[in-house]
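**Q** Could you look at this predicted model? Sequence included:
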Amino acid sequence: MTSTTLRLTGIPRTTTRRELSKAAGVSTDCISLAPTDSSHNSVSTATITFGSKRAADKFRSVQRFKPAKCLGKRPNIDTEFLGLTVLSTSGDQDEVDLIAVHGLNGHAFSSWASGDRMWLRDFLPAQMPKTRIMTYGYNSSVWDKTSTTTIPEFAQGLLWAIINKRGRKECNRPIIFVCHSLGGIIVKLALNTALEDTQTAMISTVTHGIVFLATPHKGSDLACNSFLGIAAKALGVREDLILALCMNSGQLDDIENDFRLNHDGLDLATFYETKKTKIARVVSAFDHVIVERSSALLNVGADPRYPLERDHKQICKFACQHDDDYKAVCNQILRMAEVAPHAVRTRAIKKALQMPQISTMIKFGGDTLRSYSSAWSDDCTLKLR
């Protein structure tokens, strides 16, 4: 049986995991419960993993007509997980935001899950108690021909989801991204795009690090495969998303060049697949390494690079926190989180000192800057004495 996870939004902040466990009939370790955002009147968001689709459908049906008291009057229950979903937070104690972005044909929860275990929800919070952990979902399905959303629009969606999620007191908080496949392309483009608007530029400034898991920076040979192209037309899938990931795509080159130019100081870690992914269940001749090593390596600075004996689908799934591959990925995230607050403060000060009005003040002996802790106002603008 395949487990199924539901997302519940609009739950009262007073609801506890124990109450949810009782209402859903599942163990508390199959549940996450966190405030949707930092506002005082915010509601909570929960994820609940059921042992089967049948059990999840039954729960959903019952709650539609007679919701349990702990769920509030009108909880919204879905399986799509679009937008940002908070999996774990310590509230005002959080020092870093971690955002996971899935890849092509992926899902904000199941792409990171192995069985009923989802490492971002079930393992990582215990190791990063002062981190708000979120997963971002977008419609990257190649089977949905009704969608016309482009890669630049996916990037814009991510950017504004982050802006809308972060309150005034959180806008200076460092961000670490964990990206699988196309997710890495979208994050790079989002950071490039952020610099084009004063309302979003701060996201670029506070982003400290990115963990890439099999991201095709230079594209994939498989996307250029003529047989795949014929199959795509025959099956009626979104050719535009597939073709955008072709090897040496002009769009990918532009994204990478802009990223190198504007974000060469970021803390990066790269993991790449070394096993072929089974494309057809019966014919092994179609097995393929989706993202070759040469495409997975960004070659920016001296970023750590790690081969994982996994295929393209399994490189972002970990069933056990004692798994060596999980430890390798987790250690890179922990390393970034440890230095992120200081690194982001330093970068912000350097950028501030490059502002023309501040350079003039220093040159002519004007007011001095406050320390970083008080130099930024609640609306993320620099304030002076």
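**A** Arrived safely.

**Q** what's the span of stretch 35-52 from first residue to last?
**A** This stretch, stretch 35-52, spans 27 Å end to end (CA to CA, to the nearest Å).

**Q** What are the buried residues along it?
**A** Going by neighbour count (16 or more other CB atoms under 10 Å), the buried part of stretch 35-52 is 35-38, 43-51. C-beta: built from backbone N, CA, C; applies to glycine.

**Q** Could you report the pLDDT at the closest residue in space to residue 30 that isn't next to it in sequence?
**A** Using CB to CB, 6 or more residues apart in numbering and skipping residues adjacent in sequence, the residue nearest residue 30 is residue 49, 4.2 Å away. We have a pLDDT of 97 for residue 49.

**Q** so which helix or strand takes in residue 49?
**A** Counting by DSSP states H and E, the element that carries residue 49 is strand 44-50.

**Q** circling back: return the two entries of the buried residues of stretch 35-52 that lie farthest from one another.
**A** 38 and 51 (33.3 Å; CB to CB).

**Q** Wait, residue 203 touches residue 195, no?
**A** No - between residue 203 and residue 195 there is no contact under CB atoms under 8 Å: 9.2 Å.

**Q** Just want to know which of these two has more residues nearby.
**A** residue 203 (22 against 15; other CB atoms under 10 Å).

**Q** Contacts only, for the more buried one.
**A** 159, 162, 163, 175, 190, 191, 194 (CB atoms under 8 Å, 6 or more residues apart in numbering).

**Q** now residue 128
**A** Contact partners of residue 128, counting by CB under 8 Å, 6+ apart, are 96, 98, 333, 334, 337.

**Q** in what helix or strand does the most centrally placed residue in the chain lie?
**A** Closest residue to the average C-alpha location of the chain: residue 100 at 2.1 Å, with CA atoms, centre = their mean. Residue 100 belongs to strand 96-101 when assigned by DSSP H and E.

**Q** by contact count, what packs against that strand?
**A** strand 131-137, strand 175-180, helix 182-194, helix 324-353 (3 or more CB pairs under 8 Å, 6 or more residues apart in numbering; DSSP states H and E).

**Q** So, low pLDDT: which residues of the protein?
**A** For the chain, the stretches with pLDDT under 70 are 1, 40, 223-237, 280-286, 300-302, 355-385.

**Q** Quick one: the helices in it, in order.
**A** 17-24, 53-65, 119-122, 124-127, 151-165, 182-194, 201-206, 226-235, 239-243, 250-262, 293-296, 324-353, 356-363, 372-375 (DSSP state H).

**Q** tilt between the second one and strand 44-50?
**A** For helix 53-65 against strand 44-50, the angle between stretch directions is 140 degrees (axes from the mean of the first three to the mean of the last three CA atoms, to 10 degrees).

**Q** Would you indicate which residues of stretch 238-245 are buried?
**A** 238, 241, 242, 244, 245.

**Q** okay, now the domains of the protein?
**A** 1-78, 80-347, 359-385 (automatic domain parsing).

**Q** want to throw the ones you listed into TSV with distance to residue 353?
**A** As requested, the domains of the chain are exported to TSV (distance: least, CB to CB, whole Å):
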stretch	distance to residue 353
domain 1-78	30
domain 80-347	11
domain 359-385	7
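
**Q** which of those domains is buried the deepest?
**A** Highest mean neighbour count among the domains of the chain (mean count of other CB atoms under 10 Å): domain 80-347, with a mean of 19.

**Q** gap between the two ends of it?
**A** End-to-end distance for domain 80-347, by CA to CA: 37 Å.

**Q** now do stretch 201-220
**A** Criterion CA to CA; first-to-last residue distance in stretch 201-220 is 30 Å.

**Q** Determine how far it lies from the middle of the whole chain.
**A** Put simply, stretch 201-220 sits 10 Å off its chain's centre (CA atoms, centre = their mean, to the nearest Å).

**Q** can you check stretch 8-24 too?
**A** That offset, for stretch 8-24, works out to 24 Å (CA atoms, centre = their mean).

**Q** Likewise for stretch 33-50?
**A** Taking the mean of its C-alpha atoms, stretch 33-50 sits 17 Å from the chain's own mean (CA atoms, centre = their mean).

**Q** for stretch 98-109, same thing?
**A** 6 Å.

**Q** Straight-line length of it, end to end?
**A** OK, stretch 98-109 end separation, CA to CA: 15 Å.

**Q** start the count at 14, not 1, going forward
**A** All set: I'll call the first residue 14, so the last point we hit is now stretch 111-122.

**Q** follow-up on the earlier one: just checking, what packs against the strand holding residue 62?
**A** With 3+ CB pairs under 8 Å, 6+ apart as the test, strand 57-63 has strand 17-24, helix 30-37, strand 44-48, helix 66-78, strand 96-101 packed against it.

**Q** What residues does residue 38 make contact with?
**A** 68, 72.

**Q** Touching, residue 89 and residue 22? I think so.
**A** Yes - contact status for residue 89 versus residue 22: in contact at 4.7 Å, counting by CB under 8 Å.

**Q** What residues does residue 269 make contact with?
**A** Neighbouring residues of residue 269 by CB under 8 Å, 6+ apart: 201, 230, 231, 311.

**Q** run the last query once more with 10 Å
**A** 198, 201, 202, 205, 230, 231, 311, 312, 313 (CB atoms under 10 Å, 6 or more residues apart in numbering).

**Q** go on, residue 360?
**A** 187, 217, 218, 219, 220, 221, 278, 279.

**Q** let's see 7 Å
**A** The contact partners of residue 360, taken as CB atoms under 7 Å, 6 or more residues apart in numbering, are 218, 278.

**Q** Next: residue 253.
**A** Contacts of residue 253 by CB under 7 Å, 6+ apart: none found.

**Q** redo that, cut-off 8 Å
**A** residue 163.

**Q** Then residue 137?
**A** Residue 137 neighbours (CB under 8 Å, 6+ apart): 101, 111, 144, 146, 343, 346.

**Q** With residue 131 instead?
**A** Residue 131 touches 18, 60, 62, 122, 125, counting by CB under 8 Å, 6+ apart.
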